[in-house]
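Trainee: Could you look at this predicted model? Sequence included:
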Amino acid sequence: MIDFGEILLKYNAIVTVFLMVTSLYIVIAKGNMIKKLVGLSLFQTSVYLLYLSPAKIVGGTAPIIADAIMVYSNPLPHVLILTAIVVGVATLALGLALVVRIQDAYGTIEEDEIFRAEGDA
Amino acid sequence: MEILVDAVLLTLLVVITLAILFQRNLFAVVLLAGAYSFLMASIMLVLDAVDVAMTEAAVGAGISTALFLATLYLTHGKEYLQPNFKFQSILVVVLAGGMLIWGMWDMPEFGVMQAPLHENTAPGYLDASKNHLMPPNVVTAVLADYRSFDTLGETTVIFTAGIGVLLILRGRKKPKKSKNKAENSHET
Amino acid sequence: MYLFATIAILIAMCCAVARAVVGPNIFDRMLAANTIGSLAVLLLVCFGFLMGRPEWLDIALTYGLLNTAATLTVLKYYRHGDLSVDADHEKGADDAG
Amino acid sequence: MLVDLISGLFIGAGGLFVLIGALGIIRLPDVFSRMQSVSLIETVGAGLLCMGFIVKVGFSLVGLKLILLLTIIFFLGPVVTHAVAQAALAAGVKPLLVHDRRSAATKADAQPVSASVDKIKTPNVKASVKKALPKSGSKKADI
């Protein structure tokens, strides 16, 4: 018999790993550059999840101080991730600009076609 | 209750990720990524990360979608056909996933208050916000006060990325579109 | 009642995700993505009340506006193939092709 | 007490409408009819839910925010569905009228291929795999 309670308590970690692994697969196995970048942003998002899940305290609330509330979740991972999100979108913009230039140079954004063109040249 | 909502949303996230993996139409992929961002923002809200949820919704669902669409326009967003199954990639991915699961299995359980993470620095910041003249939002306090130089550096990163995008796209044939893109990345 | 509303919204979200994944054509996905956004707003409100801190409705406002903006952006791109087109100046131009 | 009762009624009704809309999203046959159930969620469902919460909190900052939210959802939801309908029509998706359904059903009877209108599943999957990108024409694939 599977212990569903334990699974539920580990569920965040399991899903985080699954998302990471799937998006890693998208990044390394799919040939299309735009899809690779989508995978990269999904990977970033799963890293956010990795950081934010342990910060939660069941029964606590968001770290905005109010009277009559004692338990708050941990605010420090939130700060880190807030920075990471902004840096992530900067990376994404740069990557997409590179994709546009690759399209200009090779006429395609498929990885294998680019390799073929490089091999011929 | 929180755990239940969290679990349902995470399951939906898994479903959408699989759909993105198997979807071959890039336009649909971008749409699904937008939906993914909204779901992820909801999860962040359930995990009590209010500010992060707001930023993720704005950045993930708003700006990223616009950037992807602009790139799709410039690259014509064709469908692609390629052999789907790559054994080496799957091997690498499964190995990495197994090791991650193995490593994360010993982490404290979800939502426990006695986890080591919650016992060292965080109470200090919370107390400071409660008792000293700090804003009630602890994340804001840390971000704009204790670590404001870090935030300045972050702004510099965005600035650098904007300049980078401008430089990369400078010599193109259609300067109008590249300017559009650069502005998009700049607004963050 | 809050619990019932939250669960109803979660179920509706599952349906919308199913439609977004299965959806025969692009408009189904678009509609489903928009529905997911709206349901996320509602979920946020209900969850706030359920947890006893209904103060973050600002975020719900942000979500609602962003959701609309994102969907309209996507539609505009889809219709005209470009984000910077002025729709009023090409009345009758049938680019459905 | 009365306030709790009234707001509970509103919220329950809103949840019910959201559920009905969700049922419509998976069961209805084509984009335009699904749009209708989506707007059910976005107007009646969201409206009743927000109403219930407004009654609950009374006149306060939260109530004001809820009113704003209600206004936004109530007006922008139909705008979005209208835009989707317009784009779909422009791209050549034909609404599935009753008359069309009949002919499709009889055609499905004639052919052994399972293109029945009720079972939207099989054609859907086929069409999505086949990836009907914009370009109209191929929209005949579904149903």
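Mentor: Happy to help now that I have it. Residues are numbered from 1 along each chain as shown, chains lettered A, B, ... in the order given.
Trainee: And the helices in chain B, which stretches?
Mentor: Applying DSSP state H to chain B gives helices spanning B:2-22, B:26-46, B:50-56, B:64-75, B:87-104, B:122-131, B:138-141, B:148-168, B:175-186.
Trainee: got a pLDDT number for D:V3?
Mentor: What the model reports for D:V3 is a pLDDT of 87.
Trainee: nope, B:P83 is what I was after
Mentor: Model confidence at B:P83, expressed as pLDDT, equals 60.
Trainee: any residue of stretch B:34-44 up close to chain D?
Mentor: No: under the criterion of Cβ under 8 Å from any Cβ of the partner chain, stretch B:34-44 makes no contact with chain D; the nearest approach is 13.2 Å. Yep, even glycine has a C-beta here, placed from its N, CA and C like the rest.
Trainee: For chain A, what lies in contact range of chain C?
Mentor: Within chain A, the positions adjacent to chain C are A:61-62, A:64, A:66, A:69 by Cβ under 8 Å from any Cβ.
Trainee: Most neighbours out of those residues, which is it?
Mentor: For the residues of chain A next to chain C, the largest neighbour count, defined by other Cβ atoms under 10 Å in any protein chain shown, is 25 neighbours, found at A:A62.
Trainee: Tell me who's in contact with B:L10.
Mentor: For B:L10, the residues meeting the contact criterion (Cβ atoms under 8 Å, 6 or more residues apart in numbering or on different chains) are A:11-12, A:15, B:43.
Trainee: that older thread, comparing the helices of chain B, which comes out most buried?
Mentor: Of the helices of chain B, the one with the most neighbours on average (mean count of other Cβ atoms under 10 Å in any protein chain shown) is helix B:26-46, at a mean of 27.
Trainee: Show me what it is packed up against.
Mentor: The helices and strands touching helix B:26-46, judged by 3 or more Cβ pairs under 8 Å, 6 or more residues apart in numbering or on different chains; DSSP states H and E, are helix A:33-55, helix B:2-22, helix B:50-56, helix B:64-75, helix C:2-22, helix C:26-51, helix C:57-80.
Trainee: Where do the helices of the chain begin and end?
Mentor: Picked chain A for this. All helices of chain A, identified by DSSP H, fall at A:4-29, A:33-55, A:76-106, A:111-120.
Trainee: That was the other one, I meant chain D.
Mentor: For chain D, helices defined by DSSP H occupy the ranges D:2-27, D:31-39, D:46-57, D:61-90, D:98-110, D:121-130.
Trainee: quick check: angle from the longest one to helix D:31-39?
Mentor: For helix D:61-90 and helix D:31-39, the angle between their directions (axes from the mean of the first three to the mean of the last three Cα atoms, to 10 degrees) works out to 180 degrees.
Trainee: does any bit of helix D:61-90 sit next to chain C?
Mentor: Yes: on the criterion Cβ under 8 Å from any Cβ, helix D:61-90 is in touch with chain C at D:62, D:65-66, D:68-69, D:72-73, D:76-77, D:79-81, D:83-84, D:86-88, D:90.
Trainee: name the helices or strands packed onto that helix?
Mentor: For helix D:61-90, the packing partners by 3+ Cβ pairs under 8 Å, 6+ apart are helix C:26-51, helix C:57-80, helix D:31-39, helix D:46-57.
Trainee: rank the ones you listed by pLDDT, which is bottom?
Mentor: Of all the helices and strands packed on helix D:61-90, the minimum mean pLDDT falls on helix C:57-80 (a mean of 82).
Trainee: residues contacting the nearest residue to A:V99 once chain neighbours are set aside?
Mentor: Using Cβ to Cβ, 6 or more residues apart in numbering or on different chains and skipping residues adjacent in sequence, the residue nearest A:V99 is A:M33, 4.7 Å away. Residues counted as contacts of A:M33 (Cβ under 8 Å, 6+ apart) are A:99, A:102, A:109-111.
Trainee: Adding pLDDT and neighbour count, write the residues you listed out as JSON lines.
Mentor: As requested, these are arranged in JSON lines below (pLDDT from 0 to 100; neighbours: other Cβ atoms under 10 Å in any protein chain shown):
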{"residue": "A:V99", "pLDDT": "90", "neighbour count": "21"}
{"residue": "A:I102", "pLDDT": "88", "neighbour count": "16"}
{"residue": "A:I109", "pLDDT": "82", "neighbour count": "24"}
{"residue": "A:E110", "pLDDT": "83", "neighbour count": "17"}
{"residue": "A:E111", "pLDDT": "80", "neighbour count": "16"}
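Trainee: looking at chain A, which helix or strand does the model trust least?
Mentor: Within chain A, no helix or strand scores below helix A:111-120, which has a mean of 80 by mean pLDDT, DSSP states H and E.
Trainee: Beta-bridge partners for the residue of chain A found nearest chain C, please?
Mentor: Among residues of chain A, the one nearest chain C by Cβ to the nearest Cβ turns out to be A:T61. It sits 5.2 Å away. Each beta-bridge partner of A:T61 is listed here: A:Y72, as defined by DSSP bridges.
Trainee: What distance do you get for it to chain D?
Mentor: In this structure, A:T61 and chain D are 15 Å apart, going by Cβ to the nearest Cβ, to the nearest Å.
Trainee: can you list the residues of chain B near chain C?
Mentor: Contact residues (Cβ under 8 Å from any Cβ) of chain B with chain C: B:1-2, B:5, B:8-9, B:12, B:15-16, B:19, B:25, B:27-28, B:30-32, B:34-35, B:38-39, B:41-42, B:45-46, B:50, B:53-54, B:57-58, B:61-62, B:65-66, B:69-70, B:72-73, B:176-177, B:180.
Trainee: rewinding a little: format the helices of chain B as CSV; extra columns: distance to C:A12.
Mentor: What follows is those, written out as CSV (distance: least, Cβ to Cβ, whole Å):
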stretch, distance to C:A12
helix B:2-22, 11
helix B:26-46, 13
helix B:50-56, 20
helix B:64-75, 22
helix B:87-104, 31
helix B:122-131, 36
helix B:138-141, 31
helix B:148-168, 37
helix B:175-186, 32
